[in-house]
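I'll drop the sequence and a predicted model, then ask my questions.
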Amino acid sequence: MDGVPESHTGWTFLTNHARVLAAIADNQSARIRDIAAHCRLTERAVQKIISDLERDGYLSHVREGRTNTYRIEPSMVLRHPAEAGLTVASLLSMLAHAEADRTTSDNRPHTPA
């Protein structure tokens, strides 16, 4: 996974579960090692998060040789009552849209105001 973010300390707006889900959405056959590096988590933490997501129906996987291919369940509703009615698809869409905007603005030539 390219574009590994810099390490960070302190609180953040997204949970590690959301980060792992977004990383899997970017590459459904990503290795746990790559997801961990991208999300700045340990491989053990990513394994636990994937287990949580699978247990609660947000994610499943198919073993293909030595590779897992993950499938996200886009219609699953987010867990927190404050996000009642919002689906995984809406969360991932919002994150993808923000990433596309960030990538586009990073590639624009800077013109002084």
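Now that the structure is in, tell me what you want to look at.

in this structure Pro25 contacts Leu91, no?
In this structure residue 25 is Ala, not Pro. No - Ala25 lies out of contact with Leu91 (CB atoms under 8 Å); the separation is 9.4 Å. Any C-beta I mention is one placed from the backbone N, CA and C, and that applies to glycine too.

so Trp11: helix, strand or coil?
With DSSP: H, G, I helix; E, B strand; the rest coil as the basis, Trp11 sits in coil.

check it and give its pLDDT.
pLDDT recorded at Trp11 is 81.

any idea how far it lies from Ser51?
24 Å (CB to CB, to the nearest Å).

comparing the two, which residue is more hemmed in?
Neighbours per residue (other CB atoms under 10 Å) separate Trp11 from Ser51, with Ser51 holding more: 11 against 5.

next, give phi and psi for that one.
Backbone torsions for Ser51, taken as degrees, to the nearest 10, come to phi -60, psi -50.

I'd like the numbering to begin with 55 instead of 1 from here.
I'll keep to 55 as the first residue from here, and by that count the last item is Ser105.

residue contacts, the residue most central in space within the chain?
Computing the C-alpha centroid of the chain and ranking residues by CA atoms, centre = their mean puts Ala76 first, at 1.7 Å. For Ala76, the contacting residues are 68, 146, 149, by CB atoms under 8 Å, 6 or more residues apart in numbering.

so Gly111, which state does it fall into?
Judged by three-state DSSP, the three-state class of Gly111 is coil.

report the separation between Asp155 and Ser144.
Distance from Asp155 to Ser144, by CB to CB: 17 Å.

cool, Glu97 as well?
In terms of CB to CB, Glu97 sits 29 Å off from Ser144.

swap in Ala76?
Using CB to CB, Ala76 is found at 13 Å from Ser144.

same check on Leu68?
14 Å.

next up, the contacts around Pro135.
For Pro135, the contact set (CB under 8 Å, 6+ apart) is empty.

can you mark which positions in the worst-scoring helix or strand of the chain on mean pLDDT are buried?
Using mean pLDDT, DSSP states H and E, helix 142-161 stands out as the lowest-scoring helix or strand of the chain, at a mean of 79. Residues 142, 145-146, 149 are the ones in helix 142-161 that count as buried (16 or more other CB atoms under 10 Å).
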